[in-house]
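*Asks:* what's the 3D shape of this:
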Amino acid sequence: MSDIVLSVEVRERTGTGGSRETRRNGFVPGVLYGGDKGPVAIALKNNEVVKAINSGKFLAQMITIDHKGEKQSVLTRDVQFHPVRDEPVHIDFQRVDENTIITVEVTVHFHNDEKSPGLKRGGVLNVVRHAVEVNVPAGSIPDQIDVDLSGYDIGDSIHISSVTLPEGVTPAITDRDFTIATIQNSRAARASDDEAGEGEEAEGEGEED
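*Replies:* The predicted model follows:
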């Protein structure tokens, strides 16, 4: 769980006019929904929101909002930005607790390149999915999904079934064993194979003599 805590105020005035007034006062308008309560219009301090976004944890981890001492765990579901100034203009939060099962995208991280025969021969890693949508408890969202490239050769595909997911994490797509990445041939690898082939032919000719 992230250590981000944001103070919020309840907005009495909603709609376009209310949102504009909120922004003029240095706040970002938002909506809190989900759980056993109805949606609530809220406002957050702009500088606190920008700091939270820049931390890199605002969109990927469960955070806490604080309304006059009453705290609520939430997940950021959507952030709208100004098309020119790139400033946050509206945020949607979903009420959750640590055990609430949610669906999120988690970035894929590849490691052990040096243990991949295909990559060592000059092959290229073709990433099909840079992130994977998973079902996970809100309090246990992993920072990344690790994919071990050990043993993969040119022509091999890495499917989700061969990836060891963190405990409690399951793929959101269940109707197929989808591909995460492939090891493709390259000019360097083809040249290496051609040279090896020519060497074998030369040896064979030498033996006949």
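*Asks:* how far does stretch 169-182 stretch from start to finish?
*Replies:* Stretch 169-182 has an end-to-end distance of 23 Å (CA to CA, to the nearest Å).
*Asks:* Okay, buried residues for that stretch please.
*Replies:* Across stretch 169-182, burial judged by 16 or more other CB atoms under 10 Å covers 169, 171, 180, 181, 182. For glycine as for every other residue, the C-beta is placed from the backbone atoms N, C-alpha and C.
*Asks:* got the contact list for the fourth one?
*Replies:* Taking CB atoms under 8 Å, 6 or more residues apart in numbering as the definition of contact, the neighbours of residue 181 are 108, 110, 125, 126, 127, 128, 129, 147, 157, 158.
*Asks:* For this structure, spot the helix or strand the model is least confident about on average.
*Replies:* The helix or strand of the chain with the lowest confidence, counting by mean pLDDT, DSSP states H and E, is helix 187-208 at a mean of 56.
*Asks:* circling back to that earlier point, could you dump the contacts of residue 181 to TSV with pLDDT?
*Replies:* Converted to TSV, the contacts of residue 181 look like this (pLDDT from 0 to 100):
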residue	pLDDT
108	97
110	97
125	96
126	96
127	97
128	97
129	97
147	97
157	97
158	97
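*Asks:* And those, which is closest to residue 116?
*Replies:* residue 125 (8.0 Å; CB to CB).
*Asks:* any idea which helix or strand carries the closest one?
*Replies:* strand 124-127 (DSSP states H and E).
*Asks:* Give me the sheet partners of that strand and which way each runs.
*Replies:* Using DSSP bridges, strand 124-127 pairs in its sheet with strand 179-184 (antiparallel).
*Asks:* show me where pLDDT drops low in the protein?
*Replies:* Along the chain, segments meeting pLDDT under 70 span 1-2, 187-209.
*Asks:* That one: strands as residue ranges?
*Replies:* Using DSSP state E, the strands of the chain run over residues 5-10, 27-33, 40-45, 63-67, 70-81, 88-95, 101-111, 124-127, 131-137, 145-148, 157-159, 170-171, 179-184.
*Asks:* Which residue is the nearest non-sequential neighbour of residue 148?
*Replies:* Leaving aside its sequence neighbours, residue 148 sits nearest to residue 112 (CB to CB, 6 or more residues apart in numbering; 5.3 Å).
*Asks:* I'd like the buried residues of stretch 169-182 laid out as CSV, including distance to residue 22.
*Replies:* Below are these laid out as CSV (distance: CB to CB, whole Å):
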residue, distance to residue 22
169, 37
171, 39
180, 42
181, 44
182, 48
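*Asks:* Most widely separated two among the residues you listed?
*Replies:* 169 and 182 (22.9 Å).
*Asks:* For residue 17, which of the strands of the chain is the nearest?
*Replies:* strand 27-33 (11.0 Å).
*Asks:* How far does that closest one sit from its chain's centre?
*Replies:* 23 Å (CA atoms, centre = their mean, to the nearest Å).
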